[in-house]
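1. structural data only, the sequence is not supplied:
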């Protein structure tokens, strides 16, 4: 199922454009964006599993993996219109540190989750 989802994304010109913007704009945006090479691009949970703590569990496991592998923090870029995503990352302990533009004309918030100072709730 993952393969099929990815194939359709890679064949969609709009999605391909956004992927290239993410890859090539990372170094141009903000010094805070380029300071940290560790990044969570997205958490996506199938509709039938939402509201069951799956995203929270995935996030916690990612934090544990980062800690185990010596990573002290990671970044997350969230589009301005993704209200539920903002609420989720704040609840999980990430902190907004900057406003940036990755996709033309779209403001995003740069979050950093400092694993040394914030426990995952």
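-> Sure, I can see it. Computed from a predicted structure; not experimentally measured.

2. where does pLDDT dip in the protein?
-> The model of the chain has pLDDT under 70 over residues 1-6, 8-10, 12, 14-36, 103, 118-121.

3. go again with 80.
-> 1-36, 101-105, 117-121 (pLDDT under 80).

4. which parts of it are strands?
-> 39-40, 73-79, 95-101, 107-114 (DSSP state E).

5. so in terms of bridging, what pairs with residue 109?
-> Under DSSP bridges, the beta-bridge partners of residue 109 are residue 78, residue 99.

6. and it, what does it touch?
-> 77, 78, 80, 86, 96, 98, 99, 100 (C-beta atoms under 8 Å, 6 or more residues apart in numbering). For every residue, glycine as well, the C-beta is placed using N, CA and C.

7. surely the last one meets residue 80?
-> No: here residue 100 lies out of contact with residue 80, judged by C-beta atoms under 8 Å, at a distance of 10.4 Å.

8. between the two, which has more neighbouring residues?
-> Neighbours of residue 100 and residue 80, each counted by other C-beta atoms under 10 Å, are more numerous for residue 100; the result is 18 against 12.

9. circling back: can you add distance to residue 37 and give the contacts of residue 109 back as CSV?
-> Formatted as CSV, those follow (distance: C-beta to C-beta, whole Å):
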residue, distance to residue 37
77, 13
78, 18
80, 24
86, 23
96, 19
98, 16
99, 21
100, 16
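
10. from the residues you listed, which is closest to residue 69?
-> When the contacts of residue 109 are ranked by distance to residue 69 (C-beta to C-beta), residue 77 comes first, at 21.3 Å.

11. nearest residue to the closest one other than its sequence neighbours?
-> Counting by C-beta to C-beta, 6 or more residues apart in numbering, residue 77 lies nearest to residue 108, which is 5.0 Å off, once chain neighbours are set aside.

12. I figured the one you found hits residue 96, correct?
-> No: using C-beta under 8 Å, residue 108 makes no contact with residue 96, being 10.3 Å away.

13. need the helices for this protein, in chain order.
-> For the chain, the helices defined by DSSP state H occupy 2-11, 13-29, 31-35, 54-68, 83-92.

14. just want the angle from the last one to strand 73-79.
-> Looking back up the chat, that one is helix 83-92. 160 degrees (axes from the mean of the first three to the mean of the last three C-alpha atoms, to 10 degrees).
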